[in-house]
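J.: Give the three-dimensional model of this entry:
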Amino acid sequence: MNKEALIAYAGTLAHRKKVDAALSLIERALDSAENWYVAFSGGKDSTVTLDLVRRLRPGIPAVWSDGEFWLPETGEYMTRMKEMGLELHQLAARSRHSSFFTAHAESDLLRVDYCNERWQGAFVGVRANESSDRRKMLRAHGQLFYGKNRRQYQAYPVAWWTVYDIWGYIHARGIDYNRAYEKMEAMGVGIEQSRIGPMAVERVLQYGQMVIFKKGWPELYEKFAKRYPEADRWI
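T.: Numbers count the residues shown, from 1 in each chain. Predicted coordinates:
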């Protein structure tokens, strides 16, 4: 990543309009319901979403559904965020990520149930260009709506941002971020392919997610593959 170029891009009118639109959406969301949280994975998109929301509501809590296996840099980042005053709820919630991997499969806790008991709405750092399903969902419902299945308001401030908008915002604002991205960059992983999230997510397995994890974090990968041998099929 060329940091200087990304900072320069963050100064363009096109990017500033996206920031203004995101802040306007957040303002409307906060007017729609009182109690909100930010879904926070420690990835770049949720990092930007959290910063945007905190500009308008500094004390908003965040929820990390930890996915059972996470990169050491993610744990370190979460610790730093808590030390800087973030109210972070870490959940060992059951969540199906692929045909062979369900995080915390034996848990009775579901994130949606936990969150619905406490908050009326969720800010989510999801971008449309990451998958066709996300684009369809956002085109059908927009960036702010009440989700009947989740029984919560859902707000997507960075839905139509590019990866360059995300990194430009991070560097221009001087935001702390997950250092696993720097490790991936050193490994030669491109800016579009670098992602932080649960191991073995169905939609990104075909793009080499397991290869990246095995190369960069071999001990963590071996621990994961020992429990879920099908992971080796994607190497």
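
J.: list the contacts for Glu222?
T.: If you count contacts by CB atoms under 8 Å, 6 or more residues apart in numbering, Glu222 has none. C-betas here are computed from N, CA, C, even on glycine.

J.: By mean pLDDT, flag the weakest helix or strand of the chain.
T.: helix 202-205 (a mean of 82; mean pLDDT, DSSP states H and E).

J.: what separates the next helix or strand after that helix from the chain centre, distance-wise?
T.: Heading C-terminal from helix 202-205, the first helix or strand you meet, by DSSP states H and E, is helix 209-216. For helix 209-216, the separation from the chain centroid amounts to 19 Å (computed by CA atoms, centre = their mean, to the nearest Å).

J.: And stretch 115-125, by the same measure?
T.: On CA atoms, centre = their mean, the centre of stretch 115-125 falls 15 Å from the chain's centre.

J.: Check the separation of the first and last residues in it.
T.: 16 Å (CA to CA, to the nearest Å).

J.: could you pull out the helices for this protein?
T.: 3-10, 13-32, 44-56, 72-83, 111-116, 132-141, 163-173, 180-186, 202-205, 209-216, 218-227 (DSSP state H).

J.: could you dump those helices to a markdown table with distance to Gln154?
T.: Below are the helices of the chain laid out as a markdown table (distance: least, CB to CB, whole Å):
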| stretch | distance to Gln154 |
| --- | --- |
| helix 3-10 | 26 |
| helix 13-32 | 9 |
| helix 44-56 | 12 |
| helix 72-83 | 23 |
| helix 111-116 | 11 |
| helix 132-141 | 8 |
| helix 163-173 | 19 |
| helix 180-186 | 26 |
| helix 202-205 | 19 |
| helix 209-216 | 25 |
| helix 218-227 | 30 |
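
J.: so where is the protein shaky, pLDDT-wise?
T.: For the chain, the stretches with pLDDT under 70 are 1.

J.: For Lys18, see how far away Ser24 is.
T.: Per CB to CB, to the nearest Å, Ser24 is found 11 Å from Lys18.

J.: These two - which one has more neighbours?
T.: Neighbours were counted for Ser24 and for Lys18 using other CB atoms under 10 Å; Lys18 has more, 20 against 11.

J.: what's near enough to touch the more buried one?
T.: 158, 160-161, 165.
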